[in-house]
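A.B. asks: Provided below are the primary sequence and the corresponding predicted coordinates.
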Amino acid sequence: MTSVPSNGITLNVTDTGGEGRPVVLIHGWPLSAASWENQASVLMQAGHRVVAYDRRGFGDSDKPETGYDYDTLAADLDGLLTELDLRDVTLVGFSMGGGEVVRYLSTYGADRVRSAVLAAAVPPYLLKTDDNPEGGLGEDDVQEFVDGVTNDRENFLDGFTTDFFSVDGELKVSEEERQKALALTEPATTASLAGCVNAFARTDFRGDLAAITVPTLVIHGDGDATVPFEVSGQRSADAIAGAELVVVEGAPHGFNVSHAAEFNAALGDFLAR
């Protein structure tokens with residue numbers, strides 16, 4: 001692990017180094033870069049330089065009180081790519097991380113980027129509004145998240161990680177794996193948890209998706225109860241020109257753990273092109 005200055009803060013980064021084509025892994029809420037352990041070693045064995053970082057406010061990265069919006073988070077990503085001088089990159093965004101991928105591409109362009117992966121990702125727009133009736137979250141749902149992490153954090157995140165790995169009430173990972181994910185939430189601050197809820201729930205990425213020109217893989221579990229496929233993955237695949245869609249049968253939100261073999265196979269096939 002190393003510390004990388006970016007956009008006025010310091011990010012905690014795991015970087016395997018080497019001459020391989022870089023893959024940058026952007027984690028979901030409320031976890032950290034360590035949530036990619038089932039992918040990092042496989043990608044490294046395939047010859048890639050693997051870079052994973054803790055988002056601001058999470059893991060061992062700096063934890064400012066502000067900056068939990070997608071413009072700032074995309075600027076953090078831009079700072080990382082610039083500082084490490086990464087080129088010909090594949091950006092892989094899981095859940096909330098998919099928002100960084102599409103906002104980065106629409107804001108900074110694709111000069112450094114070869115391709116993109118949206119995995120169980122939140123775009124195009126989770127909030128239900130008059131012009132987005134297909135959204136998956138109402139205002140009350142968003143407030144429930146914010147209140148949960150602010151006032152009853154331990155119980156809320158315990159329930160969230162259970163749903164994260166479950167389909168129809170059945171846990172698809174071991175309890176040990178769920179507890180490992182729950183432990184990754186511990187360093188996050190209340191400001192980062194609540195701020196990022198508002199970011200992933202309320203940000204409209206529809207314009208960002210329309211601006212994507214790089215080859216894109218959209219991969220999603222059809223049992224995802226946290227970010228449902230019909231609300232997000234299907235709509236993103238339809239909105240991105242030429243996007244490839246892979247749907248993993250019976251997979252929950254946290255399918256990079258529960259269905260790691262299927263996830264890694266789809267990712268590996270995409271990266272090999």
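C.D. replies: All right, it came through fine.
A.B. asks: T90: neighbour count?
C.D. replies: As a burial measure, T90 scores 23 neighbours (other CB atoms under 10 Å). No exception for glycine: its C-beta is placed from N, CA and C like everyone else's.
A.B. asks: what about it, which SS state?
C.D. replies: Going by DSSP: H, G, I helix; E, B strand; the rest coil, the secondary structure assigned to T90 is strand.
A.B. asks: doesn't S115 make contact with it?
C.D. replies: Yes: T90 sits in contact with S115 when judged by CB atoms under 8 Å, with a separation of 4.8 Å.
A.B. asks: overlap in contacts of these two?
C.D. replies: Residues touching both T90 and S115 comprise L271, with contact defined as CB atoms under 8 Å, 6 or more residues apart in numbering.
A.B. asks: buried sites along stretch 47-60?
C.D. replies: 48-60 (16 or more other CB atoms under 10 Å).
A.B. asks: right, I mislabeled it, should have said stretch 119-129
C.D. replies: Residues of stretch 119-129 classed as buried by neighbour count (16+ other CB under 10 Å): 119-128.
A.B. asks: doesn't V218 make contact with S236?
C.D. replies: Yes: the pair S236 / V218 is scored as a contact, 5.3 Å apart, by CB under 8 Å.
A.B. asks: between these two, which contacts overlap?
C.D. replies: The overlap between the contact sets of S236 and V218 (CB under 8 Å, 6+ apart) consists of 118, 121, 243.
A.B. asks: tell me who's in contact with Q39.
C.D. replies: If you count contacts by CB under 8 Å, 6+ apart, then Q39 has 25, 92, 256, 260, 263-264, 267 around it.
A.B. asks: in CSV, list these along with distance to P5.
C.D. replies: As requested, those are arranged in CSV below (distance: CB to CB, whole Å):
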residue, distance to P5
L25, 20
V92, 23
N256, 28
A260, 32
F263, 32
N264, 31
L267, 29
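A.B. asks: return the subset of these lying in strands.
C.D. replies: Taking DSSP state E, the ones among those that sit in strands are 25, 92.
A.B. asks: make a ChimeraX selection of the buried ones in the contacts of Q39.
C.D. replies: Only the buried members of the contacts of Q39 end up in this ChimeraX selection, burial being decided by 16+ other CB under 10 Å:
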select :25,92,256,263,264,267
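A.B. asks: which ones among the contacts of Q39 lie within helices?
C.D. replies: Residues of the contacts of Q39 located in helices (DSSP state H): 256, 260, 263-264, 267.
A.B. asks: for the contacts of Q39, give me TSV that also has pLDDT and distance to E65.
C.D. replies: Supplementary listing: the contacts of Q39 in TSV, determined by pLDDT from 0 to 100; distance: CB to CB, whole Å:
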residue	pLDDT	distance to E65
L25	98	26
V92	99	28
N256	98	30
A260	98	35
F263	98	34
N264	98	37
L267	98	35
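A.B. asks: how close does R114 get to L105?
C.D. replies: 12 Å (CB to CB, to the nearest Å).
A.B. asks: who has more neighbours out of those two?
C.D. replies: Between R114 and L105, L105 has the larger neighbour count (other CB under 10 Å), namely 21 against 17.
A.B. asks: distance check, that one against D208.
C.D. replies: From L105 across to D208, the span is 7 Å (CB to CB).
A.B. asks: swap in L81?
C.D. replies: Remark: distance between L81 and D208 (CB to CB) = 17 Å.
A.B. asks: in the sheet, who's paired with A52?
C.D. replies: In this entry, A52 is beta-bridged to T14, L25, by DSSP bridges.
A.B. asks: before we move on, back to that, just name the closest of the contacts of Q39 to V42, please.
C.D. replies: Looking at the contacts of Q39 and their distance to V42, the nearest is N264, at 5.0 Å (CB to CB).
A.B. asks: verify the stated contact: the closest one with N38.
C.D. replies: Yes: N264 lies in contact with N38 (CB under 8 Å); the separation is 7.2 Å.
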